[in-house]
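> one predicted model, sequence on top.
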Amino acid sequence: MLEQHNDLIERLLRGSSTRQREFNQGWTFTNDGTLYFSVWDEDGNTFFAWSERQPDTAASVYTDSDTVTAYLLTTQLGAKRAMALHFDVPRFPRKIDQLPPLWAADKTQQPPTLLYHRTDDACLHFYCSSEFYGVPLTHAMQDDLEDLLKKYMA
């Protein structure tokens, strides 16, 4: 699944100091060797993890949706790009009660993980253990991907 996003990843990394290396049969990204964003495929899902000091496999988000994967890569690598190139990025709400109107977050059998999903499109869904990552992603997905990408390409 990740291979189809190579062009997007290359576009977001171009011109920034964000470093990419293989990790857990996927990739990990860092600007400074302190904060890491990692992504990998496993059993038909794409997993995402954030950590300090070294890459980690404790995923906070996972999905089988290529669309969700593209948006998450855009927001997270775009944020690293902005940090490296010193420009502001879009700010999105982070509290569960601030979900956009077409999104819902349902409890799962693995608390605190919630299933975030579009109520009008069952293909757009992901599991997330933190509203800190889940809610902003739902807001980012209200924009066309190409329009969102432009916000991170300053």
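In hand now; what should we look at? Computed from a prediction, not measured in an experiment: that's the story for all the values here.

> contacting residues around the nearest residue to Gly15 once chain neighbours are set aside?
Excluding the flanking residues, the one nearest Gly15 by C-beta to C-beta, 6 or more residues apart in numbering is Leu85, at 7.2 Å. C-beta here means a position set from N, CA and C on the backbone, and glycine is covered the same way. Shown in contact with Leu85 (C-beta atoms under 8 Å, 6 or more residues apart in numbering): 15-16, 154.

> likewise Tyr133?
Tyr133 makes contact with 48, 50, 60-61, according to C-beta under 8 Å, 6+ apart.

> and with 7 Å instead?
Residues in contact with Tyr133, defined by C-beta atoms under 7 Å, 6 or more residues apart in numbering, are 60-61.

> equivalent analysis for Gln98, please.
Counting by C-beta under 7 Å, 6+ apart, Gln98 has contacts Val135.

> look at it and report its pLDDT.
Reported pLDDT at Gln98 in the predicted model: 97.

> roughly how far does it sit from Asp41?
Separation of Gln98 from Asp41 (C-beta to C-beta, to the nearest Å): 30 Å.

> tell me which element the residue of the chain positioned farthest from its centre is part of?
Going by C-alpha atoms, centre = their mean, the residue of the chain most distant from its centre is Gln109, 22.7 Å out. Assessed by DSSP states H and E, Gln109 sits outside every helix and strand.

> next one: Gln54
Short version: Gln54 belongs to no helix or strand, going by DSSP H and E.

> next, count neighbours for the nearest residue to it once chain neighbours are set aside.
Nearest non-adjacent residue to Gln54, counting by C-beta to C-beta, 6+ apart: Tyr36, 6.7 Å away. Counted with other C-beta atoms under 10 Å, the neighbours of Tyr36 add up to 21.

> thought Tyr36 was touching Ala58?
No - Tyr36 lies out of contact with Ala58 (C-beta atoms under 7 Å); the separation is 11.4 Å.

> quick one: end-to-end distance for stretch 93-108.
Using C-alpha to C-alpha, to the nearest Å, one end of stretch 93-108 lies 22 Å from the other.

> A strand includes Gly33, no?
No - under DSSP: H, G, I helix; E, B strand; the rest coil, Gly33 falls outside any strand and is assigned coil.

> I am finished for the moment; much appreciated.
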